[in-house]
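Enquirer: Sequence below, structure please.
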Amino acid sequence: MPEYYEKSMRALQLAGLSKSTQEAYTRSVTQLFNFYAKEPDLLSEEEVEDFFLHCIHERGWSKSTIRISHYGIRFYFQNVLKRNYPLFSYLKAGTERKLPCILSAEEVSRILQHVTTHHNYAFFHLVYSCGLRISEGANIQISDIDSDRMMLHIHRGKGAKDRYVPLPYEALQVLRSFWVTHNNPTFIFPARGRGNNKASTTDQPMPVSTPQGVFRKAKNTAGIKKRRVTVHTLRHRYATHLLEAGVSPRAVQSYMGHKSLETTMAYFHLTQKGSEKANQIINEVMKGVGRE
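Expert: The predicted structure is shown next:
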């Protein structure tokens with residue numbers, strides 16, 4: 001690996017950032033390196049500015065992509081190279097406020113019915129039943145399951161924070177029926193290996209890339225046409241389902257692992273609770289509007 005790569009990963013690890021953040025930030029530095037084909041420590045502030053302007057105007061990067069690149073490059077220059085360019089204090093990408101796509105319970109059921117492999121079905125069932133991020137689900141261990149209290153212990157979620165979430169009885173039964181197919185001593189979802197014969201002995205969890213393609217194929221086969229439907233959509237559906245059922249927003253915040261209640265409250269925009277009556281009233285108000 002190039003020297004800058006090793007230095008970046010080392011500093012990010014010492015900062016205690018998650019593995020996914022380490023990879024995203026270092027990837028940003030790699031993009032800068034590839035753009036100029038020279039080590040980042042040889043770049044001037046003006047060259048860094050030109051890189052961001054190129055990404056905004058020529059590559060058409062989204063605000064979220066610019067923001068991640070900004071954070072990654074800023075971290076490297078400030079903490080590895082000890083350069084605090086003024087650029088980093090005024091470069092702003094803003095935040096895109098896009099509401100996530102939400103599936104109905106019937107649509108989720110249709111997708112799961114088209115998942116043909118046992119391990120993927122069990123994985124999607126758990127993610128949906130407990131509102132997990134895909135990486136959290138893949139790393140679940142046997143010791144994380146408290147069947148006496150019917151709780152699931154999530155270790156080092158986003159922001160390296162632990163939390164407990166309720167474990168539905170049906171989800172526990174699905175996990176048990178799947179686990180006996182491999183009996184791995186540590187992981188519920190172990191890596192299966194190239195020949196799908198390593199699950200019982202491996203010391204690694206399943207890669208998070210595995211379920212994505214399976215879910216996409218099942219969604220298409222189920223005839224779901226909504227945009228931006230991914231495995232993460234199951235987590236969104238979990239939050240709206242609980243809010244619609246009357247679960248306290250504070251409880252939902254805890255189960256989702258949200259740092260801010262504001263993040264949880266955003267899901268109220270996606271719920272159907274109370275909207276049925278509002279739609280009825282609107283229909284009555286608008287009745288007769290328009291030409292004869």
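
Enquirer: Break down the stretch 101-250 of the chain into its strands, ranges please.
Expert: Per DSSP state E, counting those that start in this stretch, the stretch 101-250 of the chain carries strands over the ranges 145-146, 151-154, 163-166.

Enquirer: If you count contacts, what does the shortest one end up packed against?
Expert: Packing partners of strand 145-146 (3 or more C-beta pairs under 8 Å, 6 or more residues apart in numbering; DSSP states H and E): strand 151-154. Any C-beta I mention is one placed from the backbone N, CA and C, and that applies to glycine too.

Enquirer: What lies in contact with the strand it packs on?
Expert: 130, 132, 136, 140, 143-146, 162-167, 257 (C-beta atoms under 8 Å, 6 or more residues apart in numbering).

Enquirer: tell me the centre residue of the protein?
Expert: Per C-alpha atoms, centre = their mean, the C-alpha nearest to the average position across the chain is that of residue 133, at 5.1 Å.

Enquirer: Comparing the strands of the stretch 101-250 of the chain, which comes out most buried?
Expert: Most buried of the strands of the stretch 101-250 of the chain, by mean neighbour count (mean count of other C-beta atoms under 10 Å): strand 151-154, with a mean of 20.

Enquirer: Mind listing the strands that one pairs with, and their directions?
Expert: Looking at strand 151-154 with DSSP bridges, its partner strands are strand 145-146 (antiparallel), strand 163-166 (antiparallel).

Enquirer: Worst mean pLDDT among those strands?
Expert: Ranked by mean pLDDT, the strands paired with strand 151-154 bottom out at strand 163-166, with a mean of 91.

Enquirer: follow-up on the earlier one: test my guess that the residue nearest to the centre of the chain contacts residue 232.
Expert: Yes - between residue 133 and residue 232 there is a contact at 7.1 Å, judged by C-beta atoms under 8 Å.

Enquirer: Format the strands paired with strand 151-154 as JSON lines; extra columns: distance to residue 198.
Expert: What follows is those, written out as JSON lines (distance: least, C-beta to C-beta, whole Å):
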{"stretch": "strand 145-146", "distance to residue 198": "22"}
{"stretch": "strand 163-166", "distance to residue 198": "29"}
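
Enquirer: looking at those, which is closest to residue 18?
Expert: Closest of those to residue 18 is strand 163-166, at 14.7 Å (criterion: C-beta to C-beta).

Enquirer: mind saving the C-alpha coords of that closest one as CSV?
Expert: Provided in CSV are the C-alpha atoms of strand 163-166 (Å, rounded to 0.1, in the frame of the first residue of the first chain):
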residue,chain,number,x,y,z
ARG,A,163,-27.6,-0.8,22.3
TYR,A,164,-30.2,-3.4,23.1
VAL,A,165,-33.3,-4.0,20.9
PRO,A,166,-36.3,-6.2,21.5
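
Enquirer: avg pLDDT for stretch 240-251?
Expert: Mean per-residue pLDDT for stretch 240-251: 86.

Enquirer: What are the buried residues along that stretch?
Expert: Neighbour-count burial for stretch 240-251, counted by 16 or more other C-beta atoms under 10 Å, picks out 240-244, 249.

Enquirer: again, but for stretch 7-23
Expert: Those would be 7-9, 11-12, 17, 21-22, for stretch 7-23 by 16+ other C-beta under 10 Å.

Enquirer: What sits closest to residue 188 if chain neighbours are left out?
Expert: residue 140 (4.8 Å; C-beta to C-beta, 6 or more residues apart in numbering).

Enquirer: related to what we said a few turns ago, what pLDDT does the residue nearest to the centre of the chain get?
Expert: pLDDT, residue 133: 90.

Enquirer: now do residue 38
Expert: We have a pLDDT of 86 for residue 38.

Enquirer: Make JSON lines from the strands of the stretch 101-250 of the chain and add distance to residue 213 to it.
Expert: Shown next, in JSON lines, are the strands of the stretch 101-250 of the chain (distance: least, C-beta to C-beta, whole Å):
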{"stretch": "strand 145-146", "distance to residue 213": "27"}
{"stretch": "strand 151-154", "distance to residue 213": "24"}
{"stretch": "strand 163-166", "distance to residue 213": "26"}
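
Enquirer: right, so of these, which gets closest to residue 211?
Expert: The minimum distance between residue 211 and these falls on strand 151-154, with 17.3 Å, by C-beta to C-beta.

Enquirer: Tell me, how many residues neighbour the nearest residue to residue 118 once chain neighbours are set aside?
Expert: Nearest in space to residue 118, with sequence neighbours left out and distances taken as C-beta to C-beta, 6+ apart, is residue 178 at 5.7 Å. As a burial measure, residue 178 scores 19 neighbours (other C-beta atoms under 10 Å).
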